[in-house]
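S.K.: What follows is a predicted protein model with its sequence.
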Amino acid sequence: LHLERIEMTGFKSFADKTVIEFDKGVTAIVGPNGSGKSNLSEAVRWVLGEQSARNLRGKKMNDIVFSGSQSRKPINIAEVTLVLNNEDHSLPIDFTEVSLTRRINRNGDSDCFINKKPCRLKDITDLLMDSGIGKDSFSMISQGKVEQIFQNKPEERRSIFEDAAGIAKYKNRKGNAEKKLGDTQEHLNRVEDILHEIT
Ligand code: ATP
């Protein structure tokens with residue numbers, strides 16, 4: 001699985017449509033301060049499911065929409081597409097190329113697409129779960145993250161290994177199932193109370 005291409009329009013400083021192709025192997029992005037290197041990595045993180053505006057250095061999510069410059073008017077929509085090569089079928093979907101798109105309007109409305117078909121953000125995050133490229137995975141190491149890993153508690157550090165071993169998805173499902181069981185038990189208790197009252 002590797003990132004083949006990123007397409008951005010209206011995302012932060014990338015007002016015009018910008019397409020960056022990534023070859024296999026190492027790619028380094030270099031440029032002067034303020035030229036948009038961090039914005040590029042944030043565009044990737046956003047499509048992978050980031051839901052915290054703060055993690056994208058904003059206050060509200062729609063702060064990521066190009067807000068204008070001295071020479072250009074603001075834009076109303078930001079859209080980013082990641083094109084992933086899935087020839088090794090790391091992603092459980094029957095396509096050898098997978099495009100993930102996220103779009104947000106200045107008024108806060110947002111849409112997501114997998115291979116151009118509308119979907120929920122959760123469908124993207126579910127698809128990426130256990131692929132090793134989710135927004136919280138260790139495929140993206142931001143400044144300060146290495147230090148944070150060293151300072152983690154042992155059980156927090158264990159989750160890194162769980163992620164790498166591919167069991168995060170099952171833990172997640174187990175948590176959801178346990179919650180459903182708890183809710184059902186509460187409903188049963190309630191039914192028993194009612195039965196008790198009417199008999
Ligand atoms: P450094 O090397 O200093 O870390 P960088 O190359 O990582 O810099 P970024 O932080 O990615 O640069 O880009 C910052 C630039 O993006 C600033 O000029 C800022 O004005 C611009 N920018 C950020 N958000 C928006 C937005 N919503 N609309 C327009 N421009 C934006």
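M.R.: In hand now; what should we look at?

S.K.: where do the strands sit along the protein?
M.R.: 2-9, 18-21, 77-85, 97-105, 110-114, 117-119 (DSSP state E).

S.K.: what's the most buried one of the ones you listed?
M.R.: Mean neighbour count (mean count of other C-beta atoms under 10 Å) peaks for strand 77-85 among the strands of the chain, with a mean of 21. (C-beta placed from N, C-alpha, C; glycine too.)

S.K.: So is that one next to the ligand?
M.R.: No: judged by C-beta under 6 Å from any ligand atom, strand 77-85 stays clear of the ligand, getting no closer than 8.0 Å.

S.K.: quick revisit: need the strands of the chain in a markdown table with mean pLDDT and distance to Val65, can you?
M.R.: Listed next are these as a markdown table, based on pLDDT from 0 to 100; distance: least, C-beta to C-beta, whole Å:
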| stretch | mean pLDDT | distance to Val65 |
| --- | --- | --- |
| strand 2-9 | 96 | 10 |
| strand 18-21 | 96 | 15 |
| strand 77-85 | 97 | 4 |
| strand 97-105 | 97 | 6 |
| strand 110-114 | 97 | 11 |
| strand 117-119 | 97 | 20 |
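
S.K.: Turn those into TSV, columns for distance to Glu42.
M.R.: Converted to TSV, those look like this (distance: least, C-beta to C-beta, whole Å):
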stretch	distance to Glu42
strand 2-9	10
strand 18-21	14
strand 77-85	9
strand 97-105	12
strand 110-114	15
strand 117-119	21
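
S.K.: By residue count, what's the longest helix in the chain?
M.R.: In the chain, taking DSSP state H as the definition, the longest helix is helix 168-198.

S.K.: show me the contacts for the most centrally placed residue in the chain.
M.R.: Nearest to the mean C-alpha position of the chain, by C-alpha atoms, centre = their mean, lies Gly49 at 1.7 Å. Going by C-beta atoms under 8 Å, 6 or more residues apart in numbering, Gly49 touches Leu121, Ile124, Thr125, Leu128, Gly134, Lys135.

S.K.: Give me the buried entries from the residues you listed.
M.R.: Among the contacts of Gly49, the ones that count as buried by 16 or more other C-beta atoms under 10 Å are Ile124, Thr125, Leu128, Gly134, Lys135.

S.K.: now, which of the residues you listed sits nearest the ligand?
M.R.: The ligand has its nearest neighbour among the buried ones among the contacts of Gly49 in Lys135, at 17.4 Å by C-beta to the nearest ligand atom.

S.K.: Settle this for me: that closest one is touching Leu48, isn't it.
M.R.: Yes: judged on C-beta atoms under 8 Å, Lys135 makes contact with Leu48 at a distance of 4.1 Å.

S.K.: so what's in contact with those two at the same time?
M.R.: Common neighbours of Lys135 and Leu48 (criterion: C-beta under 8 Å, 6+ apart): Thr125.

S.K.: which parts of the chain sit against the ligand?
M.R.: Residues of the chain lying near the ligand (C-beta under 6 Å from any ligand atom): 12-13, 31, 33-39, 63-67.

S.K.: Mind checking which of those residues land in helices?
M.R.: Lys37, Ser38, Asn39.
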